[in-house]
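> Sequence first, predicted model second:
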Number of protein chains: 2
Amino acid sequence: MKYTINEIAKLCNVGKSTVSRVLNKDPKVRSETREKVQRVIDRLGFQPNRSARAMRAGQEPVVGVIVSKLDSGSESQTLRAILQALQAEHITPLIVESRFEAEQVRHHFQLFRERQVNAVILFGFFPLPLEIVREWQGSLVVIARTYPNISSVYYDDEQAITRLMTELYRQGHRRIAYLGIQDSDETTGKLRTQSYLQFCRSHNIRPNSVSVELSAESAYLHCAELFTRPVDALVCATGRLALGAFKFSQQSGRVFPIAYVGYNELLQYMMPNALSLDFGYCQAGLKAVELLMRQLRGKSSTEHYLVSTHQP
Amino acid sequence: MKYTINEIAKLCNVGKSTVSRVLNKDPKVRSETREKVQRVIDRLGFQPNRSARAMRAGQEPVVGVIVSKLDSGSESQTLRAILQALQAEHITPLIVESRFEAEQVRHHFQLFRERQVNAVILFGFFPLPLEIVREWQGSLVVIARTYPNISSVYYDDEQAITRLMTELYRQGHRRIAYLGIQDSDETTGKLRTQSYLQFCRSHNIRPNSVSVELSAESAYLHCAELFTRPVDALVCATGRLALGAFKFSQQSGRVFPIAYVGYNELLQYMMPNALSLDFGYCQAGLKAVELLMRQLRGKSSTEHYLVSTHQP
DNA sequence: CTGAAAGCGCTAACAT
DNA sequence: ATGTTAGCGCTTTCAG
């Protein structure tokens, strides 16, 4: 049931190197021989042993993928693209969850070392000590965050917020509030908040914002603080926060337009009118793999790739 | 930077077989020698080549995992458990999505053959032609569905529905409606609907049910049909359907208790009062791997394992 | 207890 | 164009 290249060779009356050549599409095989061999291969359903090949090739490439949560909408999209791209390259992905905990990431990195993982794609949807990632410099791509000397695919946070604000402004809203993340989070937090403040400044809007933790519940609890002043519309830094805001809206009976950055199937379903702006998550995944491949092939050093928001 | 067993051997002044023995914890090595070798291994951070080992061992085990959707709440939970269990066994999981399409499943099975995948765990959250799965008999575990002669981990649908109904009944509701899936879906559809009807019969409730497709939108669109008659409470076959019902409730302004089978973080957040009953998804994953391992070790034939609902 | 030697299945020089 | 041969890094006899 399990054939080897040797047995195929015997059955074809050729040397095993010829079989190998057919397998590897080496052009210098007479087409007649090739067909003869190929026929036998097909008939027997022969598959060359992966491990043996990997050994000869030096190392079978394995890429670790650290997602923060398997069931997060935007991450799933990116992950989907990553898996496909990786499988096309015949690279085996090893998927693990960080659950937004730095400790988990540290643990997984160590495990990756033991398992001889060649490179890692890390979803950096939360702040992470620099020292943890630095060790993998050269074989690491971080998504959604940038670190010095580490390749990354990150999102154009500023553009996203600006776009949402512009649209709401265009619709005539002036008292636009903002529900964001604390500044300790460099990108999703600080950067997006700053963009909001920037927009307010340049459009003469009196800022009305509050920073919360990255959870729907936190958003829900703090939402009321914004409404001590009149609010025409609300911009949320992420889908999770928007969910909290939505609940606040439901519970308090206040109706107001909500806009948010991100993608969430359920949220989109429940609030079809909400203005949402998501990044090219699929593209981000593809790009991450691309950067990683370039690193692995040793052709390039650090690269950063900026993903814009989708056109609405 | 990359050592081999040979180099370690030289550095220790021992034969490479001794190093191998240390690596494999062979007891017949003098503890003195063992320590000497181990020290060098540790100091150099030597890791035996995975591919070479796999080749000798015959085959590195790879298990394909076909989920229906990466970002489905209940599946993610199970998947999480599966990944952990598999990694503990040092088995590499190959994850792909079926997107609820039989054609995708067929495609992936074929790809698995090519990539020499040893066994498969399949999330059967939708009906699938028998011929597709039969070919993998003996190295396949199906989750959430049963097939003749195929190992499976399935859910106690009847118990789940009965429990929900019982609880609503206990709360005093009598006109309990049911939003289910068409009978073409053997388990989530037919079985659950029958359980509902059964309960109605035995409790003298006039059935009021409608069968829809497995999507929130379908549930939403058909929900109104139930309300042509008075309804005290609604039971939904799945979380997705409950979401549709929730939207209906929001839009129509009708307030009624909703109960559903399944797990959905967002839904739970938006409808904290809803009665929901989920299965031991984590346990299901663990069990699936366990059944698979038994199959792989050739010790057992087909087994079925029934997962009950969690105690509320 | 330990070392030498024989492969595992495959690829890549090297011959022919 | 094709066969022969020498390993890749490891485990496992088989002798000491």
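Okay, I see it. Numbering: from 1, shown residues only, chains lettered A, B, ... in the order given.
> How about the helix or strand hosting residue A:105 and DNA strand D, any contact?
For residue A:105, the element it lies in under DSSP states H and E is helix A:102-114. No - using CB under 7 Å from any atom of the strand, helix A:102-114 stays clear of DNA strand D, coming no nearer than 13.3 Å. From N, CA and C alone the C-beta is placed, and that goes for glycine too.
> Show me where the stretch 201-312 of chain A has its helices.
For the stretch 201-312 of chain A, the helices defined by DSSP state H, counting those that start in this stretch occupy A:216-226, A:239-252, A:265-270, A:281-296.
> and the shortest one, how far from the chain's centre?
Chain-centre distance of helix A:265-270: 20 Å, with CA atoms, centre = their mean, to the nearest Å.
> in that helix, what's buried?
Judged by neighbour count using 16 or more other CB atoms under 10 Å in any protein chain shown, the buried positions of helix A:265-270 are A:265, A:266, A:267, A:269, A:270.
> Show me what it is packed up against.
Secondary-structure packing of helix A:265-270 (3 or more CB pairs under 8 Å, 6 or more residues apart in numbering or on different chains; DSSP states H and E): helix A:239-252, helix B:239-252, helix B:265-270.
> Turn the ones you listed into TSV, including distance to residue A:17.
Below are these laid out as TSV (distance: least, CB to CB, whole Å):
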stretch	distance to residue A:17
helix A:239-252	56
helix B:239-252	56
helix B:265-270	56
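> what residues does chain A put near DNA strand D?
Counting by CB under 7 Å from any atom of the strand, chain A comes close to DNA strand D at A:13-18, A:21, A:28-30, A:32-34, A:55-56.
> So which of those residues belong to helices?
A:16, A:17, A:18, A:21, A:32, A:33, A:34, A:55, A:56 (DSSP state H).
> Quick one: buried ones out of those residues?
The buried subset of those - by 16+ other CB under 10 Å - is A:18, A:21, A:33, A:34, A:55.
> Return the closest of the residues you listed with respect to DNA strand C.
Using CB to the nearest atom of the strand, residue A:55 is the member of these that lies nearest DNA strand C, at 4.8 Å.
> Test my guess that the closest one contacts residue B:50.
No - taking contacts as CB atoms under 8 Å, residue A:55 lies outside contact range of residue B:50: 9.1 Å.
> What's opposite residue A:66 in the beta bridge?
With DSSP bridges as the criterion, residue A:66 is bridged to residue A:96, residue A:122.
> Same list, the ones in helices among the residues of chain A next to DNA strand D, but only the ones touching chain B.
The subset of these lying close to chain B, counting by CB under 8 Å from any CB of the partner chain, consists of residue A:55.
> In the ones in helices among the residues of chain A next to DNA strand D, find the pair that's most separated.
Pairwise distances across these (CB to CB) peak at 31.6 Å, for the pair A:32 and A:55.
> what about residue A:203, neighbour count?
For residue A:203, the tally of surrounding residues (other CB atoms under 10 Å in any protein chain shown) stands at 12.
> what sits against it?
A:165, A:169 (CB atoms under 8 Å, 6 or more residues apart in numbering or on different chains).
> Could you report the pLDDT at it?
Note on residue A:203: pLDDT of 97.
> With residue A:10 instead?
In this model, residue A:10 is scored at 86, pLDDT.
> so how far is residue A:37 from it?
Plainly put, residue A:10 is 12 Å away from residue A:37 if you go by CB to CB, to the nearest Å.
> So what does the residue in the stretch 101-250 of chain A that DNA strand D sits nearest to look like in phi/psi?
The nearest approach of the stretch 101-250 of chain A to DNA strand D comes at residue A:116, 9.9 Å away (CB to the nearest atom of the strand). Backbone torsions for residue A:116, taken as degrees, to the nearest 10, come to phi 60, psi 40.
> Could you give the number of residues near it?
Look at residue A:116: counted by other CB under 10 Å, it has 15 neighbours.
> One more: the one 10 residues further on?
Using other CB under 10 Å, residue A:126 is surrounded by 21 other residues.
> next one: residue A:281
Neighbourhood size, residue A:281 [other CB under 10 Å]: 23.
> Also residue A:194?
For residue A:194, the count of nearby residues is 15 (other CB under 10 Å).
> Can you give me the pLDDT of the closest residue to it other than its chain neighbours?
With CB to CB, 6 or more residues apart in numbering or on different chains as the criterion, residue A:194 has its nearest non-adjacent residue at 7.8 Å, and that residue is residue A:158. Looking at residue A:158, its pLDDT stands at 94.
> Give me the contacts around the helix holding residue A:105.
When contacts are defined by CB under 8 Å, 6+ apart, helix A:102-114 is touched by residues A:64, A:66, A:94, A:96-98, A:120, A:122, A:126-129, A:132, A:135-136, B:47.
> let's see 10 Å
The contact list for helix A:102-114 (CB atoms under 10 Å, 6 or more residues apart in numbering or on different chains) reads A:62-66, A:68, A:94, A:96-99, A:101, A:117-120, A:122-124, A:126-129, A:131-133, A:135-136, A:139-140, B:45, B:47, B:87.
> Quick check: whichever residue of the stretch 151-300 of chain A sits closest to chain B vs residue B:222, distance?
Minimum separation of the stretch 151-300 of chain A from chain B (CB to the nearest CB) falls at residue A:266, amounting to 4.7 Å. From residue A:266 across to residue B:222, the span is 19 Å (CB to CB).
> quick one, what contacts the residue nearest to residue A:194?
By CB under 10 Å, 6+ apart, the neighbours of residue A:158 are A:187, A:191, A:192, A:194, A:195, A:196, A:198, A:199.
> Which residue, other than its chain neighbours, is closest to the fifth one?
Read it as residue A:195. Nearest non-adjacent residue to residue A:195, counting by CB to CB, 6+ apart: residue A:161, 3.8 Å away.
> mind checking pLDDT for that neighbour?
We have a pLDDT of 97 for residue A:161.
> same deal with residue A:270?
86.
> Would you agree it is in contact with residue B:266?
Yes - the criterion here is CB atoms under 10 Å, and residue A:270 meets it with residue B:266 at 8.4 Å.
> Mutual contacts of those two, please.
Residues touching both residue A:270 and residue B:266 (CB under 10 Å, 6+ apart): A:243, A:264, B:243.
> and these, which are buried?
Buried, going by 16+ other CB under 10 Å: A:243, A:264, B:243, out of the shared contacts of residue A:270 and residue B:266.
> Give me the more crowded residue out of residue A:10 and residue A:37.
Between residue A:10 and residue A:37, residue A:37 has the larger neighbour count (other CB under 10 Å), namely 24 against 12.
> Could you look up the SS state of the more buried one?
helix (DSSP: H, G, I helix; E, B strand; the rest coil).
> ok, now which ones touch it?
Shown in contact with residue A:37 (CB under 10 Å, 6+ apart): A:8-9, A:11-14, A:18-23, A:29, A:46.
> Now do it against residue A:19, distance only.
Distance, residue A:37 to residue A:19, using CB to CB: 6 Å.
> what does residue A:254 give?
Noted for residue A:254: a distance of 73 Å to residue A:19, by CB to CB.
> Alright, that wraps it up for me.
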